[in-house]
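S.K.: no sequence on hand, only this structure:
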């Protein structure tokens, strides 16, 4: 994914050096950041990398990250994300999601940090967990495509994505898992394929 390093200078020290040098960040880079759990500011680095990877070339990404940081400063974000990943490692991705989202229509744990972005951090942070169903990204693109293909209700409301409850996230994970099993592929490969597919 291409991005403009000069626009992300305020958090550039949290990104891998090669990403800032090349203006490219990949899933592999995100996985490497997530795997380096003993790094200084490890959870903040995962938060930043997932935001940069998610926004890519979209110019409003840095201002959206700054908006989240104003409401939930770095130290608080570190505690929040670490707690969610610990929950996920012990109880699975729905528990991690619940830690960050709570019950619908309850408030998100970090204001302005929506499900489309915190599922990216959970996806990378819980990728090596032992639970049968992995954490997967859920954003507007995937909600639209899964609704079209699977007819799942309530991933879209009046044709638009919204903040999904942890129950709805669980329904999504179950559908993705069953569909991946049917086609004998890894759930994350199904997620990637659906995201890229032109339906």
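M.R.: Noted; the coordinates are in hand. Keep in mind it's a predicted model, so treat the numbers as computed, not measured.

S.K.: so what touches the lowest-mean-pLDDT helix or strand in the chain?
M.R.: Among the helices and strands of the chain, strand 160-161 carries the lowest confidence by mean pLDDT, DSSP states H and E, at a mean of 77. The contact list for strand 160-161, computed with CB atoms under 8 Å, 6 or more residues apart in numbering, reads 116, 139-140, 143-144, 155. Where C-beta positions appear, they are placed from N, C-alpha and C, glycine not excepted.

S.K.: want to throw those into a markdown table with secondary structure?
M.R.: Formatted as a markdown table, the contacts of strand 160-161 follow (DSSP: H, G, I helix; E, B strand; the rest coil):
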| residue | secondary structure |
| --- | --- |
| 116 | helix |
| 139 | coil |
| 140 | helix |
| 143 | helix |
| 144 | helix |
| 155 | coil |
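
S.K.: filter those to the buried ones?
M.R.: 116, 139, 143-144, 155 (16 or more other CB atoms under 10 Å).

S.K.: closest one of these to residue 177?
M.R.: Within the buried ones among the contacts of strand 160-161, the smallest distance to residue 177 is 15.4 Å, found for residue 155 (CB to CB).

S.K.: confirm that residue 148 sits in a helix.
M.R.: Yes. Counting by three-state DSSP, residue 148 is found in a helix.

S.K.: tell me, how many neighbours does it end up with?
M.R.: Other residues within reach of residue 148, judged by other CB atoms under 10 Å, total 13.

S.K.: over to the one 5 residues further on?
M.R.: Counted by other CB under 10 Å, the residues lying close to residue 153 total 10.

S.K.: can you pull the phi/psi pair for it?
M.R.: Phi and psi for residue 153, reported as degrees, to the nearest 10, are phi -80, psi 150.

S.K.: next: residue 60.
M.R.: Here residue 60 shows phi and psi, under degrees, to the nearest 10, equal to phi -90, psi 0.

S.K.: quick check: it vs residue 162, distance?
M.R.: 20 Å (CB to CB, to the nearest Å).

S.K.: between the two, who's got more neighbours?
M.R.: residue 162 (17 against 10).

S.K.: once you drop chain neighbours, what's closest to the more buried one?
M.R.: In this structure, residue 162 finds its nearest non-sequential neighbour in residue 156, 7.8 Å apart by CB to CB, 6 or more residues apart in numbering.
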